[in-house]
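Peer 1: Return atomic coordinates for the entry below.
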Amino acid sequence: MSLVKALKYQRWAILWTAVILVLCSLDLSDAGGKSSFFFTGFDKLAHLGFFYVLTILLFYGKIKFQHSYHFRSLTIFKIILISVVIGGGIELIQWKFFTYRSAEWWDFICDMLGCLMGVFSYVLLHLSNYEKQKV
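Peer 2: Coordinates of the predicted model:
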């Protein structure tokens, strides 16, 4: 029952993961040369943003699940691990199943940078909240 309850609080992160999977499976080869919106490096920036938001949503769900804002290293490790699995899984899917997409190490690195930016944001906000409670 605890897993079902935990997943209930992670519904936004699960929904966002589905959005990431759909967007990372789109064939954007036609749009790349014709639109000024898709600049060089747009794909990397998108991966970074996707995983930043995913990390924030995972922390949000965890905070709501435990009804507190406790700082735990194990939570951070689990969220990084989830991001590694999702990011690596997306790259494997692009490599093995989509002929119009390719797996790239730089995409995975940007996924992890976005995740680490989310972790940094969480830690920074947590420390800010902790300082307010001490006063």
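
Peer 1: Tell me which other helices or strands the lengthiest helix in the chain touches.
Peer 2: Counting residues, the longest helix found in the chain (DSSP state H) is helix 105-134. Other elements packing on helix 105-134 under the criterion 3 or more Cβ pairs under 8 Å, 6 or more residues apart in numbering; DSSP states H and E are helix 42-66, helix 73-96. All C-beta atoms are positioned from the backbone trio N, CA, C, and that covers glycine.

Peer 1: Where does Arg101 sit: helix, strand or coil?
Peer 2: coil (DSSP: H, G, I helix; E, B strand; the rest coil).

Peer 1: quick one: it from Asp43, how far?
Peer 2: 10 Å (Cβ to Cβ, to the nearest Å).

Peer 1: again, but for Thr99
Peer 2: 17 Å.

Peer 1: which of those two has more neighbours?
Peer 2: Set Thr99 next to Asp43 and count neighbours by other Cβ atoms under 10 Å: Asp43 wins out with 18 against 7.

Peer 1: before we move on, back to that, and the helices and strands packed on helix 105-134: which comes nearest Leu21?
Peer 2: helix 73-96 (6.7 Å; Cβ to Cβ).

Peer 1: Check the residue nearest in space to the middle of the chain and give its pLDDT.
Peer 2: Among the residues of the chain, the one closest to the centroid is Phe51, at 2.5 Å (Cα atoms, centre = their mean). Listed pLDDT for Phe51 reads 96.

Peer 1: who touches the closest residue in space to it that isn't next to it in sequence in this structure?
Peer 2: Spatial nearest neighbour of Phe51, chain neighbours left out: Gly114 (3.3 Å); criterion: Cβ to Cβ, 6 or more residues apart in numbering. Neighbour list for Gly114: His47, Leu48, Gly49, Phe50, Phe51, Tyr52, Val53, Leu54, Thr55 [criterion: Cβ atoms under 8 Å, 6 or more residues apart in numbering].

Peer 1: So the fifth one sits against Asp111, correct?
Peer 2: Yes. Contact between Phe51 and Asp111 holds when scored by Cβ atoms under 8 Å: they sit 4.5 Å apart.

Peer 1: That concludes my questions; thank you for your assistance.
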